[in-house]
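J.: model the structure of this input:
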Amino acid sequence: MNPINIKPQDLLNEVRQFNEKFAKGVHSLMEIGVVSSGVTPREEIYRDDQLVLYHYQSLRRATNKTPLLIVYALVNRPYMADLQESRSLIRGLLDAGQDVYLIDWGYPDESDRYLDLDDYINGYIDDCVDVLRNRHGVEKINLLGICQGGTFSACYSAMHPEKIRNLTTMVTPIDFHTKDNMLSHWVQNVDVDLLVDTRGNIPGDMLNWTFLNLKPYSLMGQKYLGVIDLMDDPDALENFMRMEKWIFDSPDQAGEAYRQFIKDFFQGNKLMSDDLVIGGMQVKLKNILMPVLNIYAEQDHLVPPGASRAMKKKVGSKDYSELSFPGGHIGIYVSGKAQKTIPPAIGDWLDKR
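T.: Numbers count the residues shown, from 1 in each chain. Presented below is the predicted three-dimensional model:
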């Protein structure tokens, strides 16, 4: 609209419509109540310290007899993979005939300060893998790692290939020194030893602030202006609040594990140079001989596609597949297109192997 042609009545109408929408939105916010986190029925089958291993329930019997264990990142809560009925990677995998389990890392406290990557990977993950092997009477299970959890899963598969039948990774960093990795550029000159020695555990709020500042305009400004357009749609507003809950539900990080992950992966890029040592074991991705499905997001600002695609040249598997998703780091879990494509693709790939 040309400002010269704006009529006073048009301005009054726009202000009135805005106020009506805002008032309705405030009422909708008050009616929302507690926003759910995770929607698919599940049962706890194992617990160790803060960790809980869950088994998800399906209305149909799993057609794939090899259990699938999901390993999520430490830095956020895993219910992003089960956000709501219409946006759930886990529900999609169940519908695809998979028998799905997930590691919930919980919320580390001061007693966890000295947990390192050996504790997480050769300890907790290995224990959960053995629980499933014994529960199902199989020698090998399927492993699905998401983001940092995918990096952990790749390391685990390289150190314990005899226990993994198939490895799937989603938005998983392997090469931490790609030119377009903004997060890596930021952290190169951080004195991680001073940070951990001073703080102990690393506050989740501090890490969340870092992630938001990678795209400050869109993640801390533009999206809140856009909420005004949702104010008269209670369902859309509840979906927005559900996402906000997840974004700011950020566990603290165990100090020693954080120290090692930043220094060895982000700063040292040791996974690419084969210089990574975890628990006295050298981690060489060429020892990953099982089938690998690597899924990445084409517009990922946290894990650039090149950081993930680097896996292709590092693993020893002759059965390596890639799947690209035309979206971002979060959209690969929650977008409508992702729901229709990603879980069925994973299920079909696993069933064939």
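J.: please count neighbours and contacts with C-alpha atoms only from this point.
T.: Fine.
J.: name the element residue 240 belongs to?
T.: Using DSSP states H and E, residue 240 sits within helix 234-247.
J.: now swap in residue 145 and tell me
T.: Assigned by DSSP H and E, residue 145 falls within strand 141-146.
J.: and that strand, what's its mean pLDDT?
T.: On average, the pLDDT along strand 141-146 is 98.
J.: so what strands line up beside that strand?
T.: Strand 141-146 has the following sheet partners, assigned by DSSP bridges: strand 68-71 (parallel), strand 164-170 (parallel).
J.: same list (those) but as TSV, adding mean pLDDT.
T.: Listed next are these as TSV, based on pLDDT from 0 to 100:
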stretch	mean pLDDT
strand 68-71	98
strand 164-170	98
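J.: could those go into CSV alongside mean neighbour count and distance to residue 264?
T.: As requested, the strands paired with strand 141-146 are exported to CSV (neighbours: other C-alpha atoms under 10 Å; distance: least, C-alpha to C-alpha, whole Å):
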stretch, mean neighbour count, distance to residue 264
strand 68-71, 25, 20
strand 164-170, 25, 20
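J.: who wins for proximity to residue 311 among those?
T.: strand 164-170 (9.9 Å; C-alpha to C-alpha).
J.: wait, doesn't residue 297 sit right on residue 333?
T.: No. Counting by C-alpha atoms under 8 Å, residue 297 does not reach residue 333; the two are 10.2 Å apart.
J.: sorry, back to before: and the helix holding residue 240, how far from the chain's centre?
T.: 18 Å (C-alpha atoms, centre = their mean, to the nearest Å).
J.: over to stretch 171-191?
T.: 17 Å.
J.: what's the pLDDT at residue 189?
T.: 88.
J.: that one falls within a helix, correct?
T.: No. Looking at residue 189 with DSSP: H, G, I helix; E, B strand; the rest coil, it is coil, so not inside a helix.
J.: the residue nearest to residue 153 when sequence neighbours are not counted pairs with what?
T.: Excluding the flanking residues, the one nearest residue 153 by C-alpha to C-alpha, 6 or more residues apart in numbering is residue 145, at 5.4 Å. For residue 145, the beta-bridge assignment (DSSP bridges) gives partners residue 71, residue 169.
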